[in-house]
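S.K.: Mind looking at a prediction? Sequence and model below.
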Amino acid sequence: MTQIIHRSTAYTLPVAVRGEGVYVYDEHGKRYLDACGGAAVSCLGYSHPAPIEAIRRQASELAYIHSGFFTSEVAEKLADKLVSMVPEPLNHVILLSGGSEGVEAALKLARQYYVERGELNRQHFISRRQSFHGNTIGALSVGSHAARKKPYRPILQAEKSIAPCYPYRERRHDESEEQYGLRVANELEAKIVELGAKNVIGFIAETVGGATAGVLPPVPGYLERIREICDQYDILLILDEVMCGSGRTGTFLSCEQDGISPDIAILAKGMGAGYQPIAATLCTGEIFQAVQGGSGALMHGHTYMGHAIACAASLAVLETIESERLLENVNAKSSQLIEKLHIELGSHPHIGDIRGRGLFIGIEFVADKISQRPLHPDQRFHAVLKRVSERNGIMCYTGGGTVDGMRGDHVLLAPAYIITDEIVDEIVEKMSRSINDSVAETRL
């Protein structure tokens, strides 16, 4: 009997013993195609030599040094590399160990920015419904994942949220995508006015909605309008690119495709590709200068900030993405994958929507294709699909509560950037088979 408290205590997990390319092998020799990167993490697959060698080399030189005493050469190189890969005016970096830490750092840095300016009334963050920003208390407070928040609501800050950008569910028939985007973006202005602009710190959003609603790319013009509103009312725009960033959608930051840049951005997952825990919170020079010229100290910290081995692994990952021109492969293979999913599954009676950006793809399931009625929560289709997919030798990231936190089911696909034409075909075949097997098992 395991002594580990796993995510679920209801069943025994298989034991992974080896990873090779995009495949994972368990203790019995069974092979699983990882079509979701674990949680959109393993962007280089499981056995890429570059980060493995970087870890070995760094461990032999300097494994750890506390950031209160020293910086390290590799941490400085990683920060320089990140700044070179993101749009201006992002030019300063906090190096952390995971997405939730990155979000906590962003929230604290945003509050500190206004404290340094003497604006002590700034206290509210506005977020979006059907969002997720992490599992720590602050990150949970600004997120909207109903199941994960439920046990902790009495100790969380009250949520101030607006509608997600969710055209499949919320766009009216008489609206173009651009008109819909402007309408939901303008909810931010109304919420700022309701709370009082001088009381608001910032707006935090996933550039592409992730695990909660099953991949929600912004419609054209939506984020441009959000940027305008933040500038108009002098509040910070914080973009959570923990899942969708680091090249996952075909540009290093996904927001580059929307023609905007945030005041603060958060990266994790793909920036380390799973070889080490790593995250980064990036901010503008204006924010940094407010801290430097005020208290002169970041009022935040963790023991493993800027961990040397983690930085070495991440630097190797970023250099590999560039040297192997993997963003080109992301764009090419994502077009193939989405097209083949539409061909194979587009007319399926229980698939309502196939959507995505780059190699970040969501499939939403429905009871009825015409009315878009969600499946009944008691059927737990997402849980059945996860189990059936693993039985069929494919890993996928399933979720429930897609529509409103209670109703709806989806699956998220986020395969490695190194996938080939053959792996695209294997993903489509195995996902199709697993969906049909799950429909039969739940008797839809």
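M.R.: The structure has been received and is ready for your questions.
S.K.: Contact partners for the closest residue to residue 269 other than its chain neighbours?
M.R.: Counting by Cβ to Cβ, 6 or more residues apart in numbering, residue 41 is the residue found nearest to residue 269 once chain neighbours are left out, at 4.6 Å. Where you see a C-beta, it was placed from the backbone N, CA and C, and this is true even at glycine. Shown in contact with residue 41 (Cβ atoms under 8 Å, 6 or more residues apart in numbering): 269, 270, 272, 273, 274.
S.K.: Just the pLDDT for residue 41.
M.R.: On pLDDT, residue 41 comes in at 98.
S.K.: Give me the neighbour count for residue 406.
M.R.: Other residues within reach of residue 406 by the criterion other Cβ atoms under 10 Å amount to 12.
S.K.: and it, how far is that from residue 375?
M.R.: Between residue 406 and residue 375 the computed distance is 12 Å (Cβ to Cβ, to the nearest Å).
S.K.: ditto for residue 210
M.R.: Distance from residue 210 to residue 375, by Cβ to Cβ: 20 Å.
S.K.: How many neighbouring residues does residue 397 have?
M.R.: A count of nearby residues for residue 397, using other Cβ under 10 Å, gives 24.
S.K.: That one reaches residue 413, doesn't it?
M.R.: Yes - between residue 397 and residue 413 there is a contact under Cβ atoms under 8 Å: 7.5 Å.
S.K.: Can you work out which residues contact both of the two?
M.R.: What both residue 397 and residue 413 touch, as defined by Cβ under 8 Å, 6+ apart, is the set residue 36.
S.K.: Compare residue 210 and residue 375 (neighbour count), which wins?
M.R.: Applying other Cβ under 10 Å to residue 210 and residue 375 shows that residue 210 carries more neighbours, namely 29 against 24.
S.K.: State the distance from the more buried one to residue 145.
M.R.: In terms of Cβ to Cβ, residue 210 sits 10 Å off from residue 145.
S.K.: what kind of secondary structure is residue 417 in?
M.R.: coil (DSSP: H, G, I helix; E, B strand; the rest coil).
S.K.: Chain neighbours aside, what residue packs nearest to it?
M.R.: Nearest one to residue 417, counting by Cβ to Cβ, 6+ apart, is residue 326 at 4.2 Å.
S.K.: I'd like to know how many residues surround the one you found.
M.R.: 20.
S.K.: so it makes contact with residue 247?
M.R.: Yes - between residue 326 and residue 247 there is a contact under Cβ under 8 Å: 6.6 Å.
S.K.: if I look at those two, which residues touch both of them?
M.R.: Taking Cβ under 8 Å, 6+ apart as the criterion, residue 326 and residue 247 both touch 43, 417.
S.K.: still on that earlier bit, now do the residue nearest to residue 417, the pLDDT please.
M.R.: For residue 326, pLDDT reads 98.
S.K.: Quick check: the gap between it and residue 161.
M.R.: 35 Å.
S.K.: ok, now residue 359?
M.R.: Distance from residue 359 to residue 161, counting by Cβ to Cβ: 28 Å.
S.K.: Looking at these two, which one has more neighbours?
M.R.: residue 359 (29 against 18).
S.K.: And that one, its phi and psi?
M.R.: phi -90, psi 50 (degrees, to the nearest 10).
S.K.: repeat for residue 300
M.R.: Per degrees, to the nearest 10, the backbone of residue 300 is at phi -170, psi 150.
S.K.: For it, give me its contacts.
M.R.: By Cβ under 8 Å, 6+ apart, the neighbours of residue 300 are 94, 104, 105, 108, 109, 112.
S.K.: which ones among the residues you listed are found in strands?
M.R.: residue 94 (DSSP state E).
S.K.: Shouldn't residue 266 be within a strand?
M.R.: Yes - under three-state DSSP, residue 266 sits within a strand.
S.K.: how close does the residue lying closest to residue 376 once chain neighbours are set aside get to residue 407?
M.R.: The shortest distance from residue 376 to any non-neighbouring residue, by Cβ to Cβ, 6+ apart, is to residue 367 (7.1 Å). For residue 367, the distance to residue 407 equals 10 Å [Cβ to Cβ].
S.K.: Identify the contacts common to the two.
M.R.: 374, 375, 376.
S.K.: Adding distance to residue 16, write those out as CSV.
M.R.: Below are the shared contacts of residue 367 and residue 407 laid out as CSV (distance: Cβ to Cβ, whole Å):
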residue, distance to residue 16
374, 33
375, 30
376, 33
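S.K.: Any chance of those in JSON lines with pLDDT and distance to residue 6 as columns?
M.R.: Shown next, in JSON lines, are these (pLDDT from 0 to 100; distance: Cβ to Cβ, whole Å):
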{"residue": "374", "pLDDT": "98", "distance to residue 6": "28"}
{"residue": "375", "pLDDT": "97", "distance to residue 6": "26"}
{"residue": "376", "pLDDT": "96", "distance to residue 6": "27"}
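S.K.: just curious, which of these is nearest to residue 32?
M.R.: Nearest to residue 32 among the shared contacts of residue 367 and residue 407 is residue 375, at 25.3 Å by Cβ to Cβ.
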